[in-house]
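Participant: Okay, here's the prediction I keep looking at, along with the sequence it came from:
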Amino acid sequence: MTVLRLAELGPAVTVPLDVGDAHLLGATDVVEVRPGPDPGRWVVRAGRKVGVARIGGVELHITPKVPVARLLFLLGYARNPQRWRDETVALPDEKDLVPALAIALWRQTERALRPGLIQGYRTLDATSPVLRGRLRETAQLSRWLTAPQPLEIRYDEYTVDTTENRILATAVDRMLRVPGIDPESRRMLRRLAARFVGVTRLRAGVPAPIWRPTRLNAHLRVALRLAELVLSGTSVEAGRGGTLANGFLLDMWRVYEDFLAEALRTAIEARHGGTVLAQHRHHLDHAERLELRPDVLWRDPAGRYAAIVDAKYKLDEARGDTYQMLAYCVAYGLPRGHLVYVAGKDLPRRHLVRNVDVEIVCHLLDLDLRPADLLARVDDLAAEIAAESARSAPGRGAPDRGGAP
């Protein structure tokens, strides 16, 4: 097994690889692979996915640019801003994402299961020779007509096969298949997996079921948030290679996009009113062939389009970002659009587009800030966007009536 360690968007490395392994790696969207200077050597560069995966005979480790604790904060906040802020997860002193997440998962799950598996009622449909619960009359008549037996019934069962336990059990099982976990974590995860007897595991590729916070599952909430992160990272699509069953990978651009959309929604709606929509579906043309999906669209309390924002994890050297934002502004009838980049490279603050009354404003967001400071910076960004919108209010787009503005 060849172990290959790379940094997210870092410099390319030249390594000896089997031809088959090189082609398998190249068939994924995880890394870029090209022939090296000598036969049998290949140049490999990581893109914007981070984590660990086993692809063919290669165990691939990609380290994120942001600290692990910050990355998990971004992920958790995007899923549930209020509860993740209240439920701080103590992370081990690990530089790599997967070992840190594995340790946090088994520690929180073990703590959550100390009182035992949570139990609850589930409604089940079944075919039975005896009546239990209530008869499903429509199913009975359509399947068995006037036959007295069997019976199509629906009943409630008190069981450990609850939504919460399914999420935890599946996350533990999937983490066990991820390479790069330390021996103690693997041993503890195996012990936890054995405790979920009678709990159905979720199928790969199927979204995790929704669970609702209650008094009964209060002690499981931190573990459930971590389990949801594991499920999202172990269901990643790896390009032509399909879904990776033995890896944990995150798309950093999606992590950033989801975080910014949720943080801006929270800040704008709380302080400036209206509604913030993420990935609002719209079209540039009347025939509706050119689809648009801006990351953040703000409609003010009057229902008018007030501001449009797109999250950009990496600067597009060809300035394709600005062309995309120009299309958004034209389609939504807005005089201004906002691009929010991860802090790094300097870039022009504003672009005034020729021949049309459109301005594109560029902002920087530093993900290295502490969570409280990062959220404060997003609050400032929301205030700046609202102030810009107020200055151009008389000429902005029409109310949203579900069609073209």
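Facilitator: That came in fine, so what should we check first?
Participant: drop to CA atoms for contacts and neighbour counts, all remaining ones
Facilitator: Fine.
Participant: where's residue 68 relative to residue 234, distance?
Facilitator: To residue 234, residue 68 is 17 Å away according to CA to CA, to the nearest Å.
Participant: Comparing these two, which residue is more hemmed in?
Facilitator: Legend: neighbour count by other CA atoms under 10 Å for residue 68 and residue 234, higher for residue 234 (27 against 21).
Participant: Quick check: closest non-adjacent residue to that one.
Facilitator: Closest residue to residue 234 apart from its sequence neighbours, by CA to CA, 6 or more residues apart in numbering: residue 248 at 4.7 Å.
Participant: Please, which helix or strand holds residue 323?
Facilitator: helix 320-332 (DSSP states H and E).
Participant: Which helix or strand lies directly C-terminal to that helix?
Facilitator: strand 336-342.
Participant: name the helices or strands packed onto that next one?
Facilitator: The contact analysis (3 or more CA pairs under 8 Å, 6 or more residues apart in numbering; DSSP states H and E) places strand 336-342 against strand 305-312, helix 320-332, strand 359-365.
Participant: Quick check: which element contains the nearest residue to residue 12 once chain neighbours are set aside?
Facilitator: Nearest-residue entry for residue 12: residue 45, 4.2 Å, with adjacent residues in sequence omitted and distances by CA to CA, 6+ apart. Per DSSP H and E: residue 45 is located in strand 41-46.
Participant: Using CSV, write down the CA coordinates of that strand.
Facilitator: Output in CSV follows, covering the C-alpha atoms of strand 41-46 (Å, rounded to 0.1, in the frame of the first residue of the first chain):
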residue,chain,number,x,y,z
ARG,A,41,6.7,8.3,-11.7
TRP,A,42,3.6,10.5,-11.6
VAL,A,43,2.9,14.1,-10.6
VAL,A,44,0.0,14.3,-8.1
ARG,A,45,-1.6,17.5,-6.8
ALA,A,46,-4.5,17.8,-4.3
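Participant: Lowest mean pLDDT among the helices and strands, pick that one out for this structure.
Facilitator: Counting by mean pLDDT, DSSP states H and E, the weakest-scoring helix or strand in the chain turns out to be helix 81-86, with a mean of 58.
Participant: for the residue nearest the centre of the chain, helix, strand, or coil?
Facilitator: For the chain, the residue nearest the mean C-alpha position is residue 255 (5.6 Å; CA atoms, centre = their mean). What DSSP: H, G, I helix; E, B strand; the rest coil gives for residue 255 is helix.
Participant: mind listing what the closest residue to it other than its chain neighbours touches?
Facilitator: Distances taken as CA to CA, 6+ apart place residue 75 nearest to residue 255, at 6.1 Å, with adjacent residues excluded. Contacts of residue 75 were listed using CA atoms under 8 Å, 6 or more residues apart in numbering, and they are 229, 255, 258, 259.
Participant: same check, this time on residue 46
Facilitator: Residue 46 neighbours (CA under 8 Å, 6+ apart): 6, 7, 8, 9, 10, 12, 30, 31, 32, 62.
Participant: Burial-wise, tell me which of the helices and strands packed on strand 336-342 comes out on top.
Facilitator: The highest average neighbour count among those, using mean count of other CA atoms under 10 Å, belongs to strand 305-312 at a mean of 25.
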